[in-house]
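Asks: no sequence on this one, just coordinates:
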């Protein structure tokens, strides 16, 4: 049977050419960070509910953290200004500066008592537990995908199917990026647990817990072990939260 080659226009040939893995590669955003005026820093949060994070989503999450952080610092800044004014005034102006400072701090005098901390601590612990469960579900899904791809890649290598192998490895790279993004979302939860320590102490809550560190997505066995540790951590947090008294 005779075959006839028909030349196609370049633009059509380009449209029919399958995309390379580089064209389908998922983005790897930098971690957005903001230095705080009283020490420490804020970092952009990878929102696992919105898929693989981008630079824009990381920056926007940082902006969302700023308003409540700045609001919570108002009383502290007044206290710092109060002491700063006392240091910088002359001895003759000290009584007046002291009285003015006390007046400015009036709204800060009703500080939270231990009794008022209980509900906050309980809700905070439950929020952390729910967030960790979301991360666990996402990681379990990615782990299932990576495990399946590992088997398919082995079969494609045995069959010598180069095109299928390239497509599967591309999918594997993207799944690994998704896993890395999800594990990145665990970092702010670890930071939150550290920041919560003073609140927990006021409420007499002892949370001796360390979350497992992120591991490479290529190590499927370690990923499974990490998921087991995360599930145990969630159960511990929920049990402690249930024991925190919160008057209705």
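Replies: Nice, I can see it. Values in this document were obtained by computation on a predicted structure and should not be read as measured data. Numbers count the residues shown, from 1 in each chain.
Asks: and residue 194, how far from residue 200?
Replies: 11 Å (C-beta to C-beta, to the nearest Å). Where C-beta positions appear, they are placed from N, C-alpha and C, glycine not excepted.
Asks: and the two? which has more neighbours close in?
Replies: Legend: neighbour count by other C-beta atoms under 10 Å for residue 194 and residue 200, higher for residue 200 (18 against 8).
Asks: in contact with residue 145, which residues?
Replies: 171, 175 (C-beta atoms under 8 Å, 6 or more residues apart in numbering).
Asks: continuing past whichever strand or helix holds it, what's the next helix or strand?
Replies: Element membership of residue 145 [criterion: DSSP states H and E] is helix 114-159. Of the helices and strands lying after helix 114-159 in sequence (DSSP H and E), the nearest is helix 162-184.
Asks: and the angle for that next one with helix 114-159?
Replies: 170 degrees (axes from the mean of the first three to the mean of the last three C-alpha atoms, to 10 degrees).
Asks: report the mean confidence score over whichever helix or strand comes after helix 162-184.
Replies: The first helix or strand that comes after helix 162-184 along the chain, using DSSP H and E, is helix 186-195. What helix 186-195 shows for mean pLDDT is 80.
Asks: tell me the helices and strands packed up against helix 186-195.
Replies: strand 41-43, helix 114-159 (3 or more C-beta pairs under 8 Å, 6 or more residues apart in numbering; DSSP states H and E).
Asks: with distance to residue 236 added, can I get those in TSV?
Replies: Shown next, in TSV, are those (distance: least, C-beta to C-beta, whole Å):
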stretch	distance to residue 236
strand 41-43	25
helix 114-159	9
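Asks: least reliable of those going by mean pLDDT?
Replies: Mean pLDDT per stretch puts strand 41-43 lowest among the helices and strands packed on helix 186-195, at a mean of 70.
Asks: that one pairs with which strands?
Replies: strand 33-35 (antiparallel) (DSSP bridges).
Asks: so for the strand it pairs with, mean pLDDT?
Replies: 69.
Asks: swap in stretch 235-243?
Replies: Stretch 235-243 carries an average pLDDT of 90.
Asks: now do that stretch: everything it contacts.
Replies: Residues contacting stretch 235-243 (C-beta under 8 Å, 6+ apart): 122, 125-126, 128-129, 132, 205, 207, 209.
Asks: widest-spaced pair of those residues?
Replies: 132 and 205 (17.2 Å; C-beta to C-beta).
Asks: that older thread, most neighbours out of the contacts of stretch 235-243, which is it?
Replies: Result: residue 125 is most packed of the contacts of stretch 235-243 (other C-beta under 10 Å), 25 neighbours.
Asks: which residues does that one contact?
Replies: By C-beta under 8 Å, 6+ apart, the contact list for residue 125 reads 205, 207, 237-238, 240-241, 244.
Asks: any idea how far apart the tips of stretch 87-98 sit?
Replies: 10 Å (C-alpha to C-alpha, to the nearest Å).
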